[in-house]
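Undergrad: How does the following fold in three dimensions:
(4 chains)
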2 protein chains.
Amino acid sequence: MSGLTERQKLVLALLVRDYVERAEPISSGRLVDNYQLDFSPATARNEMAELEGAGFLYQPYTSAGRIPTKEGYRYYVRKLMGEDRLPKHIQEMIRHQFYQARHDVDDWLSLSASVLAQHCGVAAIVTTLHTEEARFKHLALLSTRGRQVLVVIILNSGEVHQQTLVLDEGLTQAELTTMAERINQIAAKMDAKQLQQVELPAGNPNLEAIFRTVRQTIHGSEVVVAGEIYRDGLANMLSEPEFAEPHKAKRTLEIFEDRAMLDDLLTKTIFESDSPGVHVIIGGEDVWERLEDTSLILASYGASDRTMGALGILGPMRMAYSRGVPTVRFVSELVSELISESMNK
Amino acid sequence: MSGLTERQKLVLALLVRDYVERAEPISSGRLVDNYQLDFSPATARNEMAELEGAGFLYQPYTSAGRIPTKEGYRYYVRKLMGEDRLPKHIQEMIRHQFYQARHDVDDWLSLSASVLAQHCGVAAIVTTLHTEEARFKHLALLSTRGRQVLVVIILNSGEVHQQTLVLDEGLTQAELTTMAERINQIAAKMDAKQLQQVELPAGNPNLEAIFRTVRQTIHGSEVVVAGEIYRDGLANMLSEPEFAEPHKAKRTLEIFEDRAMLDDLLTKTIFESDSPGVHVIIGGEDVWERLEDTSLILASYGASDRTMGALGILGPMRMAYSRGVPTVRFVSELVSELISESMNK
DNA sequence: CGTTAGCACTCTCTTCAAGAGACTGCTAAA
DNA sequence: TTTAGCAGTCTCTTGAAGAGAGTGCTAACG
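TA: Okay, here's the model as predicted:
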């Protein structure tokens, strides 16, 4: 589907780069001038019209320059940006900052936030994680065929467990729904220990069987929960022109303050994704509505293969991805390295 | 010096109240109307002119309404505001929020921040404190008379210790300065333990005597250091019209992110002040330049007589002091109470 | 056929002037 | 001492005009 010509890719890449820097719609003339392209503004205009058709650019109004769309940024990050390492001298600078700190995980983490904020000019987040016993949230019972029942259990984390069960006697869907309702009330928010202590009315083998399933599911489960959150660089963001309107700034700050939101975000991207490395979330990826104009660059850190938390940056969609991605990657690797070392001692 | 007539006080109080609510210059007509005063706008104008002369009000331009000055707010808070308790039903609401939380100091503190932010509509800060061993920062030696020398030692906290010492033999100021210089280099940033391990060149009784003084000073000293900082309600602030200009919002956010600044602020107001209770810092009290347009309401909390930290709110100078002061007081008392109880168990 | 110069057209942004509106300070009367 | 009345001041809004920036289209060019 990558039906873009090389020149179109070039135009898109340069336009994103230029727009990130200037925060103003980029015109054909400017682009050709600024990057000494060997074709004329008219040609650039044609390509830009093409890119607009493909959904990568838009004009704020007829006859203004172009601005990348969400899709434009995504294409840029995935295919055009390249995977540069952070320049050596910056790596050294950051290493130095870490070596000067006290040798203590807490310090490294809060330093990470500060370093990320400083080097990327946006807001930074670092979270620690720990696992917590799972709690029961919701149960649904679905009759499938004969005495077979599909048991769906939802944990407080949102995690879903499914299991089929064969009951002693067939029950109608209505009866199953009533029973599920009952269990939902009894077991609301309980953890494994509390569930163990529930005394069921005797003489209902179906109820007992289902409840046993619930107990087993919760018992074996752990839920990843964010612990501490370190934040830094909020003030940076307010320098960005996109936050000139206070209500936009407010929205972004609310995201930044909303632990539940951040937890969800980090869990979903870092822990439920199978691809390792740096994750870039552009404009909420059409999942998180509130992140409409916001982007994040996230990575996990930890000792060897054990993930201990997530770190990254948060900024306007017009963000220097080509700087942010290598920086986040480098810091996450550095912190992981430091933690591993300190654990081997 | 309180040379204001009763009516002037009334006008000032109402004007502050009204301005806090409306965030616009208040005119004589509006004031009389809104509060059904039994004198005419013309009279109000005369009083306002008087109050302007006294430095409590100003006009943003000729023939606009009036706005309170820093001094206006201070007078209001000190003399006019009254010392209302928080209304019973709000007290109950807040208590409820606390009783629903887990019974754990960390939770109480982060909850405090959230409650303060919510009820006062501004940003909230809660800090924990712990004492830490003092470290050496700087030494100055001043020759006073004959063999008498004034030893001035500065700790890392900024705390200053003075002591006079009588040396074996008189030294010139130049010699003293050199010696101080030498010690400053050797002992930089050392704590008591490190100072103990320093081996001095033998045969210099003066040096030894002075160094002994340094050791003793540092040894007995502890320094109060802020630990965790809980913040909440940042987003609230951006709703205030004073933060419509991004650079102002940025300045305030920078304060909020600047741990060193907050430490200094809290230490100076809460711990070096002798008056207990709630402290109101209006417009930086001409000490902290960066707090120019900002006000804080702070109080300490802790079990019985042991201060464990500080909490309070931070907002624009146009802040609802009459709501903030009782709220901060109540929350600080409530947290103290909860902590005391939990320690007695 | 792709590329490009030229140009008409569109839309925003700035500037300026005029007028409305909001308050004040002053004067003179109550 | 208080207050009605009023001239004067300053801001804010509105509208129109003009400059500026940039595009899309057309037609010419290699």
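Undergrad: which parts of chain A sit against DNA strand D?
TA: With the criterion set to C-beta under 7 Å from any atom of the strand, chain A comes near DNA strand D through A:25, A:27-30, A:41-42, A:45, A:48-49, A:52, A:59, A:62-66. To be clear about C-beta, it is placed using only N, CA and C from the backbone, and glycine gets the same treatment.
Undergrad: Put the buried members of the residues you listed into a ChimeraX selection.
TA: Remark: buried members of the residues of chain A next to DNA strand D, expressed as a ChimeraX selection using 16 or more other C-beta atoms under 10 Å in any protein chain shown:
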select /A:25,27,28,30,41,45,48,65,66
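Undergrad: Which ones among the residues of chain A next to DNA strand D lie within helices?
TA: Residues from those lying in helices, with DSSP state H as the criterion: A:S28, A:G29, A:R30, A:P41, A:A42, A:R45, A:M48, A:A49, A:E52.
Undergrad: Of these, which ones also sit close to DNA strand C?
TA: A:P41, A:A42.
Undergrad: Could you tell me how far stretch A:167-182 lies from the centre of the chain?
TA: 39 Å (C-alpha atoms, centre = their mean, to the nearest Å).
Undergrad: just to revisit the earlier point, quick check: of the ones in helices among the residues of chain A next to DNA strand D, which lies closest to B:E175?
TA: A:R30 (68.0 Å; C-beta to C-beta).
Undergrad: Tell me if stretch A:239-251 is near chain B.
TA: Yes: Stretch A:239-251 lies within reach of chain B by C-beta under 8 Å from any C-beta of the partner chain, at A:S239, A:F243, A:A244, A:P246, A:A249, A:K250.
Undergrad: Pull out the buried residues from that stretch.
TA: Of all the residues in stretch A:239-251, those buried under the rule 16+ other C-beta under 10 Å are A:E240, A:E242, A:F243, A:P246, A:K248, A:A249, A:K250, A:R251.
Undergrad: Can you list the neighbours in contact with that stretch?
TA: Residues from elsewhere that reach stretch A:239-251 (C-beta atoms under 8 Å, 6 or more residues apart in numbering or on different chains): A:23, A:121-122, A:237-238, A:252, A:290, A:293, A:315-316, A:318, B:235, B:238-239, B:243-244, B:246, B:249-250.
Undergrad: Flag the least confident of the buried residues of stretch A:239-251.
TA: The lowest pLDDT within the buried residues of stretch A:239-251 belongs to A:P246, which sits at 83.
Undergrad: Distance check, it against B:E6.
TA: According to C-beta to C-beta, to the nearest Å, A:P246 stands 40 Å off from B:E6.
Undergrad: Mind listing what's buried along stretch A:256-273?
TA: Buried-residue list, stretch A:256-273, by 16+ other C-beta under 10 Å: A:F256, A:E257, A:L262, A:D263, A:D264, A:L265, A:L266, A:T267, A:K268, A:T269, A:I270.
Undergrad: cool, stretch A:75-89 as well?
TA: A:Y75, A:Y76, A:V77, A:L80, A:M81, A:L86.
Undergrad: any idea how far the first one is from DNA strand D?
TA: For A:Y75, the distance to DNA strand D under the criterion C-beta to the nearest atom of the strand, to the nearest Å works out to 19 Å.
Undergrad: what about that residue, distance to A:I282?
TA: Distance, A:Y75 to A:I282, using C-beta to C-beta: 10 Å.
Undergrad: Ok, the fourth one next?
TA: Using C-beta to C-beta, one obtains 13 Å as the distance from A:L80 to A:I282.
Undergrad: in stretch A:299-308, what counts as buried?
TA: Buried positions in stretch A:299-308, judged by neighbour count with 16+ other C-beta under 10 Å: A:A299, A:S300, A:Y301, A:G302, A:A303, A:M308.
Undergrad: Out of the residues you listed, which comes closest to chain B?
TA: Of all the buried residues of stretch A:299-308, A:M308 has the smallest distance to chain B: 19.7 Å, by C-beta to the nearest C-beta.
Undergrad: Need the three-state assignment for the closest one.
TA: Counting by DSSP: H, G, I helix; E, B strand; the rest coil, the backbone at A:M308 sits in strand.
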